[in-house]
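# make a model of this:
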Amino acid sequence: MQTSTKAPSTFMVVLAFATVYIVWGSTYFFIQRALEGFPPFFLGAFRFIIAGALMLGWSLMQGEEVFSWKVMKPAVVTGLLLLFVGNGTIIWVEQFLPSAMVAIMVSSAPLWFVLLDKPKWSENLSNKSTIVGLVIGFAGVILLFYEKIMATMSSMNSSRDLFAMVLVVFSSMAWAGGSLYSKYNSVSNSATVNSTWQMLAAGIAFIPGTFLSGEWTSINLSAIPTNAWLSTTYLILVGSIAGFSAYVWLLKVQPATKVSTYAYVNPVVAVLLGIFFAHETITPLQISGLIVILGSVLLINLHKYRKPKQVAATC
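Just a heads-up that it's a prediction; the model follows:
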């Protein structure tokens, strides 16, 4: 995908949002399945280096400008914030915290998008529908997972899991900050090139952790179960290459607050996948949470439908 001064087609925007919403909604499940065979730091290094290498090969085949420090620098910074700090923290804490708890903590990201997006403060903070939508969306995620959280609270290790929860909030801040940095500082118009260096930078950053934790010497690739390999393959091809590239492109062509709604929709997708494929049940309280979340996304986008206007292209 390449961005340009020309407005992107509605079809491409809808397709990219659908990819981010649906694909990333499934990654909570596949990360936990992958961790059944791969230790966390090794998983991060393996996943992002392989995905980055595949995208590097594709970029070179397409004749993209790849090996330019001007292009690489902002992508490397973004990759470290988003994928190493943001996603890496999620991988690590899912060893201890239930995915429902992680989903709630991660869903604080849209609030950080508003607070950290200084160039858009006047626009975002004066838009009542956006602010109300963000708050209601977070409340909807809590409703969605309230029963699961209450059921698991008694079994949590108070000190360790409290620390893990703080780390997840920090990772949400890093993800929002890295996303905004990418939006305002990336040089290349190619989402493929940007994603390439972001993933390679994150994958390399995970490597020291594999040595410090002893993972590198203790891992036995032949003993890793097939399900973990299949889950990791899905994370590489679908979660990283398709989902992350769509996300990077959306950041260039859409308002950051709108793109951040993925954090509310992803848990909805995760619950629905559990119902359809894992035969999980859904309660009236969860249905209420789903309705509230979808309503919040509508509120966040309400000003677009209420006050349509043409935005002048900037150079």
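# CA atoms for contacts and neighbours, from now on please.
OK.
# confirm for me that residue 252 is in contact with residue 183.
Yes: using CA atoms under 8 Å, residue 252 is in contact with residue 183, at 5.5 Å.
# tell me how far residue 73 lies from residue 83.
15 Å (CA to CA, to the nearest Å).
# could you check which of those two is surrounded by more residues?
Higher neighbour count among residue 73 and residue 83: residue 83, with 28 against 17, using other CA atoms under 10 Å.
# ramachandran angles for residue 254?
Dihedral pair for residue 254: phi -130, psi 160, per degrees, to the nearest 10.
# from residue 129, how far off is it?
Residue 254 is 17 Å from residue 129, by CA to CA.
# neighbour count: those two, which is higher?
Neighbours were counted for residue 254 and for residue 129 using other CA under 10 Å; residue 129 has more, 18 against 14.
# give me the mean pLDDT for the helix or strand that one falls within.
Applying DSSP states H and E as the criterion places residue 129 in helix 128-152. What helix 128-152 shows for mean pLDDT is 78.
# so after that helix, what's the next helix or strand?
Assigned by DSSP H and E, the successor of helix 128-152 is helix 158-185.
# buried set for that following helix?
In terms of neighbour count (16 or more other CA atoms under 10 Å), helix 158-185 has its buried residues at 164-165, 167-183.
# so residue 268 touches residue 290, yeah?
Yes: if you go by CA under 8 Å, residue 268 and residue 290 touch, sitting 6.3 Å apart.
# contacting residues for the nearest residue to residue 107 once chain neighbours are set aside?
Spatial nearest neighbour of residue 107, chain neighbours left out: residue 263 (4.8 Å); criterion: CA to CA, 6 or more residues apart in numbering. Neighbour list for residue 263: 106-110 [criterion: CA atoms under 8 Å, 6 or more residues apart in numbering].
# separation between residue 263 and residue 7?
25 Å.
# show me what the one helix or strand residue 24 maps to is packed against.
Per DSSP H and E, residue 24 falls inside helix 10-34. For helix 10-34, the packing partners by 3 or more CA pairs under 8 Å, 6 or more residues apart in numbering; DSSP states H and E come out as helix 226-234, helix 245-253, helix 262-277.
# returning to what we had before: who does the helix holding residue 129 touch, helix- and strand-wise?
Judged by 3+ CA pairs under 8 Å, 6+ apart, helix 128-152 is in contact with helix 99-106, helix 109-116, helix 121-125, helix 262-277, helix 284-300, helix 302-306.
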